[in-house]
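the amino acid sequence is not available; the structure is as follows:
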C-alpha cells in the first residue's frame, strides 16, 4: 500500500546524506544532474553558493513507501527504486539536482527522494505547495502537490503499483474487516497525513536529522540547532520529559515523536563529545608521528652530511 509524503527542510544536505547512508542501509542510490555520486551533498551546496542562495529551505524530501505486507506479494527493492527514479525525473528534467535512496530496513520498502532547493541550471528556487496561492517572483518555480500526486499515480499504474487512492481503499477494507471504522484522513493526498499529524511528521523528520549532526556538543548547541529548524522546547519536566513546539504553535511530547527526551539528548551530547575527543586525539597522535618522522629525517640528513 503506497503512501507519499513531502517535507521541506532547512537542515543541510550533508546531514540528510549522513542519515540516509548511515550503517550502509541504502539498498539502492541513484543521482540525477550530479557529477560525483559520492559527493552529491557537496554538489548541491555548491549550487546554492554559486547562485548565492544559501538561506531558507535547503532541500525537499519526498518519502515514497510501500507496506511490507504488500511488498511480500508484489514489490521488491528494484521496482520501488525504479518508481522513485521516474518520479524524481519530474524535477531533474527541470534542472534540479535529485538523489533517490531506497531503504528496506523497516516494515516497508521506501524511497527518499531528495531535491535541491536551487536549480543548477537557472538558479531558480523551488517551492512545493499544497495548492495554488501567491506566486513567487521570476526567480522561483512553483510545483503543486496535486500535480505530483497525478504524476505519482501515472507512474504507479505504469509499473503495476497501487496508486494512492487504491492504497487508501485497501487500508479501509482491512480496517473494516477488523470491525473498526476507517479513519477520516486523506491518506491518498500528497502529504499523506491528517492535519493533526502532518506537523508531527515534519517535527520528527527534523529531529532525526538533527540527531545526525556531530557538531552538537552542548545543550546550547542543541537548542540553537532546533531553533534553526523552527522548533523549541516548550516544556521540560523534572524527570526530563520534553514537549517540543514548532513555529506555528503546535506542541508535541517527545514520546510521540521518538526518542528525543532529555536523557536521549544527554546521550547524544556524550556520544558527540567522545567522538570529538577521539578525533582530536587521533589528530594529535598523527601530529606527533609526523614530528618524530621529521626529526628522524633531520638526524639522518645530518649524519649523511658528516
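Arrived safely, thanks for sending. Keep in mind the model is a prediction, meaning the values are calculated, not measured. Numbering: from 1, shown residues only.

where does the stretch 1-150 of the chain dip in pLDDT?
Residues of the stretch 1-150 of the chain meeting the criterion pLDDT under 70: 1-3, 67-75, 106-107, 130-139.

mind listing the strands for it?
Chain-ordered strands for the stretch 1-150 of the chain, with DSSP state E, counting those that start in this stretch as the definition, fall at 2-9, 26-32, 59-67, 98-103, 108-116, 125-129, 140-144.

the stretch 151-300 of the chain now?
According to DSSP E, counting those that start in this stretch, the stretch 151-300 of the chain carries its strands in the segments 231-236, 242-246, 251-253.

just checking, what packs against the longest one?
Just to be clear, that refers to strand 231-236. Contacting strand 231-236 under the criterion 3 or more C-beta pairs under 8 Å, 6 or more residues apart in numbering; DSSP states H and E are the following elements: helix 195-210, helix 219-228, strand 242-246. All C-beta spots, glycine's among them, are computed from the backbone N, C-alpha and C.

which of the strands of the stretch 1-150 of the chain sits most buried?
strand 98-103 (a mean of 26; mean count of other C-beta atoms under 10 Å).

ok so, going back, which among the helices and strands packed on strand 231-236 is found nearest to residue 54?
The closest of those to residue 54 is helix 219-228. By C-beta to C-beta, the value is 13.0 Å.

for that closest one, the distance to its chain's centre please.
Taking the mean C-alpha point of helix 219-228 and that of its whole chain, the gap between them comes to 18 Å (C-alpha atoms, centre = their mean, to the nearest Å).

re earlier: out of the strands of the stretch 151-300 of the chain, the one nearest residue 150 is which?
strand 242-246 (29.3 Å).

strand partners of that closest one, parallel vs antiparallel please.
Partner strands and pairing direction for strand 242-246 (DSSP bridges) are strand 231-236 (antiparallel), strand 251-253 (antiparallel).

residues in contact with it?
With contacts defined as C-beta atoms under 8 Å, 6 or more residues apart in numbering, strand 242-246 is touched by 199, 202-203, 207, 226, 230-236, 251-254, 257, 260-262, 265.

make a ChimeraX selection of the buried ones in those.
Here is the ChimeraX command that picks out the buried ones among those, judged by 16 or more other C-beta atoms under 10 Å:
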select :199,202,203,207,226,231,233,252,254,257,260,261,262,265
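
what about residue 45, neighbour count?
Counted with other C-beta atoms under 10 Å, residues neighbouring residue 45 total 18.

contacting residues around the closest residue to it other than its chain neighbours?
Of all residues not flanking residue 45 in the chain, residue 13 sits nearest, at 5.8 Å (C-beta to C-beta, 6 or more residues apart in numbering). By C-beta under 8 Å, 6+ apart, the contact list for residue 13 reads 40, 41, 44, 45, 58, 59, 114, 116.

hmm, try it at 7 Å
Residues in contact with residue 13 (C-beta atoms under 7 Å, 6 or more residues apart in numbering) are 41, 44, 45, 58, 59.

pretty sure the second one contacts residue 99?
Think residue 44. No: distance between residue 44 and residue 99: 8.3 Å, which falls outside the contact criterion (C-beta atoms under 7 Å).
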